[in-house]
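1. Predicted coordinates and the sequence they were generated for:
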Amino acid sequence: MSTIINGRKLAKDLNLKTKSRVQQLNQESIYPGLVVIIVGDDDASQRYVRNKHLKAQKLGIKSIIKSLPKDTTQDQLLTIIQQYNQNSSINGILVQLPLPAQIDERIISYSINPQKDVDAFNPINAGKLFLNEDTFYPVPCTPSGVMEMFKKYHIDLRGKLAVVIGRSTIVGRPMASLLTNANATVISLNHYTKDIKKFTSKADIIVSATGQLHLLGSCDVKPNAVVIDVGENMNENGKLVGDVDFDQVSKIAGYITPVPGGVGPMTIAMLMKQTVDLAVWSEKNGR
């Protein structure tokens, strides 16, 4: 039976450390600040933004929600982002995706100051990750949360065969870079890959981020593999589940993340940590 990687507990421990850091920084007159900009009234996006806001407040981080109507133009949004780029009390800027059709998400990501890019979607930060630069820069929160899981559960990545399923800029691509930087041998799979079992059945580590229900079953995973499920899907009973058939795969994997309660809580915890990291970096560098 697998060891269940408890994302909720890891996130709780990390949040306690972040809260303590914020309290210490406040004594030095440093007040980490995060702004989340949301355009439109998508229910899921509104829920995600509200959860981030409440968590930030609970940890003592200054949190602002900037809500804009769905007919906001791209130029209007760019103007608001520029205002926060220049606001020294804001350390992290996050634009909630998806955006309405009239706004180019790529242009918006490019417009955020790389030094405040808490989601790490700006190509400057993406490039630093790809090049494995030995400097401080933000990293996408979900992949960095997965790396924290590996660290806390003492999972050695060096020389391991890691398969990443999915190539999004939010999870798949940065996840592959982080694993490569940690000296794993990485294979990236996508929608066009034929016979994914040929790769997953040999992998020591599997990270699945496709949003495809029951993509992986017990026959697709080798015994004692580490299986990280980033997917979120609703099954036929309206229950939140991942890409992996948890009941099957948990019987043979060495480690596995549940959905919910796995990667999800770590994503928000890493967002909070990274906001504080950016505040500390900004103070040290006089930005």
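-> Alright, I've got the coordinates.
2. wait, isn't Asn152 in contact with Leu10?
-> You called it Asn, but residue 152 is Lys. Yes: if you go by CB atoms under 8 Å, Lys152 and Leu10 touch, sitting 5.6 Å apart. Where you see a C-beta, it was placed from the backbone N, CA and C, and this is true even at glycine.
3. Of these two, which one has the most company?
-> Leu10 (20 against 15; other CB atoms under 10 Å).
4. who touches both of Lys152 and Leu10?
-> Contact criterion CB atoms under 8 Å, 6 or more residues apart in numbering; residues shared by Lys152 and Leu10: none found.
5. contacting residues around the spatially closest residue to Ser250 that is not a sequence neighbour?
-> The shortest distance from Ser250 to any non-neighbouring residue, by CB to CB, 6 or more residues apart in numbering, is to Ser2 (4.5 Å). Ser2 makes contacts with Val227, Val249, Ser250, Lys251, Ile252, Ala253, Gly254, Tyr255, Ile256, as judged by CB under 8 Å, 6+ apart.
6. do you know how far Ser2 is from Gln248?
-> Using CB to CB, to the nearest Å, Ser2 is found at 11 Å from Gln248.
7. next one: Leu215
-> 12 Å.
8. Which one's more surrounded, the two?
-> Leu215 (20 against 16).
9. Model confidence for the more buried one, exactly?
-> You'll see Leu215 listed with a pLDDT of 94.
10. next one: Asp42
-> Taking Asp42 on its own, its pLDDT is 89.
11. Just the strands from the stretch 101-250 of the chain, written as ranges.
-> 161-165, 185-189, 205-208, 226-229, 233-234, 240-241 (DSSP state E, counting those that start in this stretch).
12. Quick check: beta-bridge partners of Val36?
-> Ile65, Leu94 (DSSP bridges).
13. which stretches of the stretch 51-200 of the chain form helices?
-> 74-85, 105-111, 123-131, 141-152, 172-181, 197-200 (DSSP state H, counting those that start in this stretch).
14. now the fifth one and helix 123-131, what's the angle there?
-> Meaning helix 172-181. 40 degrees (axes from the mean of the first three to the mean of the last three CA atoms, to 10 degrees).
15. what does helix 172-181 rub up against?
-> Helix 172-181 is contacted by residues 120, 126, 129-130, 132, 139-140, 142-144, 146-147, 157, 162, 164-167, 186, 188, 190, 205, 207, 209 when judged by CB under 8 Å, 6+ apart.
16. In terms of residue numbering, what are the domains of the protein?
-> Domain ranges of the chain: 28-117, 141-264, per automatic domain parsing.
17. so which of those is the most packed in?
-> Of all the domains of the chain, domain 141-264 carries the top mean neighbour count, a mean of 19, counting by mean count of other CB atoms under 10 Å.
18. need the least confident one among the strands of the stretch 101-250 of the chain, by mean pLDDT.
-> strand 233-234 (a mean of 90).
19. What are the contacting residues of that one?
-> Gly211, Gln212, Leu213, Leu240, Val241, Gly242, Asp243.
20. How far off centre is that strand?
-> Here strand 233-234 is found 19 Å from its chain centre; the criterion is CA atoms, centre = their mean, to the nearest Å.
21. coming back round to it: please name whichever of the helices of the stretch 51-200 of the chain is nearest to Gln23.
-> helix 141-152 (21.5 Å; CB to CB).
22. Name the residues that touch that closest one?
-> 5, 7, 10, 14, 118-120, 155, 157, 170-171, 174-175, 178, 182, 207, 209, 226, 228, 230, 257, 263, 266-271, 274.
23. go with 6 Å
-> Applying CB atoms under 6 Å, 6 or more residues apart in numbering, the contact partners of helix 141-152 are Ile5, Leu10, Val171, Pro174, Met175, Leu178, Ile228, Met266, Thr267, Met270, Leu271.
24. And the lowest mean pLDDT element among the helices and strands of this protein?
-> Within the chain, no helix or strand scores below strand 233-234, which has a mean of 90 by mean pLDDT, DSSP states H and E.
25. And Lys12, how close does it get to Ser2?
-> 21 Å.
26. And for Asn51?
-> Asn51 sits at a distance of 28 Å from Ser2 (criterion: CB to CB).
27. try Thr185
-> Distance from Thr185 to Ser2, by CB to CB: 23 Å.
28. Identify the residues contacting the closest residue to Lys273 other than its chain neighbours.
-> Distances taken as CB to CB, 6+ apart put Thr18 closest to Lys273, at 5.2 Å, once the chain neighbours are dropped. Listed by CB under 6 Å, 6+ apart, the contact partners of Thr18 are Leu59, Met272, Lys273, Val276.
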